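Undergrad: here's my sequence, what's the structure:
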Amino acid sequence: MEFYNKLRSIKDEDVDSLVRNRINELESNLDDDVVLGFHVESDMENFLDDDGDHFYVDMRCYHKGYIKKGTKMVYGVEYNSDGDIGNNGNYYYMNDESYLYEFCHYIKDQEVCDEVDLFDHIMFFLKNYFGVIKKQDRGEMFSLLVDRYGKFIQPVNDHDISWFKGSGNAMCSEYSSVAQNIMSLFGIDSYLIIGREITGNDAGQSHAFNLVSINDDDNLLVDFANHVVVYDIDFSKMGDSPFIGEIDKIDDQFVIDLVYNDKVLSFEDYNYLFVGDQLLQIAYDRNRHYYVESELIPDYKIAKK
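TA: Down below sits the predicted model:
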């Protein structure tokens with residue numbers, strides 16, 4: 001919590017300078033031109049193998065630490081049975097940093113006792129930043145125009161994470177990416193994982209979440225998008241909190257096992273209940289399962305040509 005304590009100790013007019021210096025420090029040793037998610041361009045390309053039976057798409061499904069400005073996130077693809085695949089505009093760049101300044105101005109006036117308490121503040125900020133009332137469909141916001149030859153036209157202003165601000169249509173990749181950078185700013189080690197999640201007997205869904213190490217004893221899966229509900233004693237909703245699952249240890253080998261060796265992380269599902277001044281967990285007879293899928297299961301499909 002060193003950065004938080006430093007933030008609390010300075011004047012309001014010095015916050016932006018502190019944040020700028022911290023961003024420069026985090027970005028100084030990072031690679032350029034990183035693409036997270038599907039490595040698929042907008043135009044439909046053929047990804048069939050030599051036998052014509054399967055198609056394969058490269059994907060970077062994890063990222064450690066701060067996500068540098070200019071990083072491209074491709075969160076969805078469309079395909080047909082001929083093996084033609086394109087992203088149809090389902091991407092954005094992490095080219096905006098204003099949310100980091102906004103969060104720091106917000107958190108400077110908040111009493112935060114530890115990192116888990118900080119997660120709740122991040123959750124509160126994300127919901128307010130992205131908005132909860134949908135003003136525009138996600139697909140409409142990022143859909144590409146097509147020329148008379150059927151080729152996608154690249155937008156004049158490329159898609160940016162800032163486009164989600166107040167739109168009410170942000171989903172797991174946006175929540176996890178922005179949370180990752182806020183946590184990195186505050187010195188919290190975190191991995192962004194792009195995989196899948198199943199709750200109980202529901203069908204699995206594409207999902208992004210964070211693996212967080214606070215210290216040697218506190219290693220957590222933190223899910224800011226599929227959050228849990230906080231109820232009062234009358235079971236009236238008071239708010240939301242990120243889902244947190246405890247993990248024995250997080251290191252590079254753990255992530256390799258998760259990404260490449262079919263490791264599944266399973267946790268008991270729960271919500272919270274305030275009783276007096278105590279926060280209790282309401283456990284459910286179902287589990288949440290988090291994993292990385294080796295097969296392509298995209299968000300969008302198109303008919304065979």
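
Undergrad: centroid-nearest residue for the protein?
TA: Ser176 (2.0 Å; Cα atoms, centre = their mean).

Undergrad: where's it, which helix or strand?
TA: Under the criterion of DSSP states H and E, Ser176 resides in helix 172-185.

Undergrad: identify the residues contacting that helix?
TA: The contact list for helix 172-185, computed with Cβ atoms under 8 Å, 6 or more residues apart in numbering, reads 3, 19, 22-23, 26, 37, 63, 65-67, 73, 75, 92, 94, 99-100, 103-104, 118, 122, 125-126, 129-130, 161, 164, 190, 192-194, 206-210, 212, 222, 224-226. The C-beta positions use only the backbone N, C-alpha and C, and glycine is treated the same way.

Undergrad: apply 6 Å and report the result again.
TA: With Cβ atoms under 6 Å, 6 or more residues apart in numbering as the test, helix 172-185 has contacts from 22, 26, 65-67, 73, 75, 99-100, 103, 122, 126, 164, 190, 192, 207-210, 224-225.

Undergrad: now stretch 1-9, how far from the chain's geometric center?
TA: 25 Å (Cα atoms, centre = their mean, to the nearest Å).

Undergrad: now that stretch: buried residues?
TA: For stretch 1-9, the buried set under the neighbour-count rule, 16 or more other Cβ atoms under 10 Å, comprises 1, 3-4, 7.

Undergrad: could those residues be laid out in JSON lines, adding secondary structure, distance to Asp84 and pLDDT?
TA: JSON lines is the format used below for the buried residues of stretch 1-9 (DSSP: H, G, I helix; E, B strand; the rest coil; distance: Cβ to Cβ, whole Å; pLDDT from 0 to 100):
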{"residue": "Met1", "secondary structure": "coil", "distance to Asp84": "50", "pLDDT": "87"}
{"residue": "Phe3", "secondary structure": "helix", "distance to Asp84": "47", "pLDDT": "94"}
{"residue": "Tyr4", "secondary structure": "helix", "distance to Asp84": "49", "pLDDT": "94"}
{"residue": "Leu7", "secondary structure": "helix", "distance to Asp84": "49", "pLDDT": "94"}
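
Undergrad: so who does Phe274 touch?
TA: Asp232.

Undergrad: kindly provide the distance from it to Val229.
TA: Phe274 is 11 Å from Val229, where distance means Cβ to Cβ, to the nearest Å.

Undergrad: hang on, the earlier thing: give me the element the residue nearest to the residue nearest to the centre of the chain when sequence neighbours are not counted is part of.
TA: Leaving out its chain neighbours, the residue that sits closest to Ser176 by Cβ to Cβ, 6 or more residues apart in numbering is Ala208, at 4.1 Å. Applying DSSP H and E as the criterion places Ala208 in strand 205-215.

Undergrad: list of residues touching that strand?
TA: Outside strand 205-215, the residues that touch it by Cβ under 6 Å, 6+ apart are 115, 172-173, 176, 180, 189-191, 193-194, 196-197, 219-223, 250.

Undergrad: the very next helix or strand once past that strand to strand 205-215, inter-axis angle?
TA: Per DSSP H and E, the first helix or strand lying C-terminal to strand 205-215 is strand 218-231. Interaxial angle, strand 218-231 versus strand 205-215 (axes from the mean of the first three to the mean of the last three Cα atoms, to 10 degrees): 120 degrees.

Undergrad: helices and strands around strand 218-231, which ones?
TA: helix 172-185, strand 205-215, strand 237-247, strand 265-275 (3 or more Cβ pairs under 6 Å, 6 or more residues apart in numbering; DSSP states H and E).

Undergrad: out of the ones you listed, which is the most enclosed?
TA: helix 172-185 (a mean of 24; mean count of other Cβ atoms under 10 Å).
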